[in-house]
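Undergrad: Got a predicted structure here, sequence first:
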Amino acid sequence: MSESESEKVVSVSARGQATIPKEFREELGIETPGRVKFVRTDAGDIVVRPIRSVKDLRGILMDKTDEQGRSATERLREERERDKASEEEVRRQYADANEDDA
């Protein structure tokens, strides 16, 4: 183990639960209650990684644009407009088909 690594020994309960030491939770930014994932490396080690909450992602795309210079918000708005137009077209076709049957 290198000098930069640290280790703690923790107990595992009968239900398979172990408590992540506070210093590790703080260092990794693991919130409680929260979720983590266990990743097995090629070397066979198990690595604990935090799973970020949706709140942590807020604003992550704020300054990002696509190749046309559109923001994620603009692209989402355009997609919703296309969806709405498509739904209206399906409704119109359905109404026309019902009129033909009458």
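TA: Noted; the coordinates are in hand. Numbers count the residues shown, from 1 in each chain.

Undergrad: alpha carbons only for contacts and neighbour counts from here, please
TA: OK.

Undergrad: Packing partners of whatever helix or strand residue 97 lives in?
TA: Following DSSP states H and E, one finds residue 97 within helix 72-101. If contacts are counted by 3 or more CA pairs under 8 Å, 6 or more residues apart in numbering; DSSP states H and E, helix 72-101 sits against no helix or strand.

Undergrad: what's the offset of that helix from the middle of its chain?
TA: 29 Å (CA atoms, centre = their mean, to the nearest Å).

Undergrad: pLDDT averaged over that helix, what's the number?
TA: Average pLDDT, helix 72-101: 90.

Undergrad: Likewise for stretch 52-64?
TA: The average of the pLDDT scores along stretch 52-64 is 74.

Undergrad: And the contacts of it?
TA: Stretch 52-64 is contacted by residues 71, 72 when judged by CA atoms under 8 Å, 6 or more residues apart in numbering.

Undergrad: What's the end-to-end length of stretch 16-28?
TA: End-to-end distance for stretch 16-28, by CA to CA, to the nearest Å: 22 Å.

Undergrad: let's have the chain start at 750 instead
TA: Sure, I'll start counting at 750 from here, so that last one is stretch 765-777.

Undergrad: Show me which positions of it end up buried.
TA: Neighbour-count burial for stretch 765-777, counted by 16 or more other CA atoms under 10 Å, picks out no residue.

Undergrad: Can you tell me the number of residues neighbouring residue 839?
TA: Neighbourhood size, residue 839 [other CA atoms under 10 Å]: 12.

Undergrad: Give me the distance between stretch 772-782 and the centre of its chain.
TA: 18 Å.
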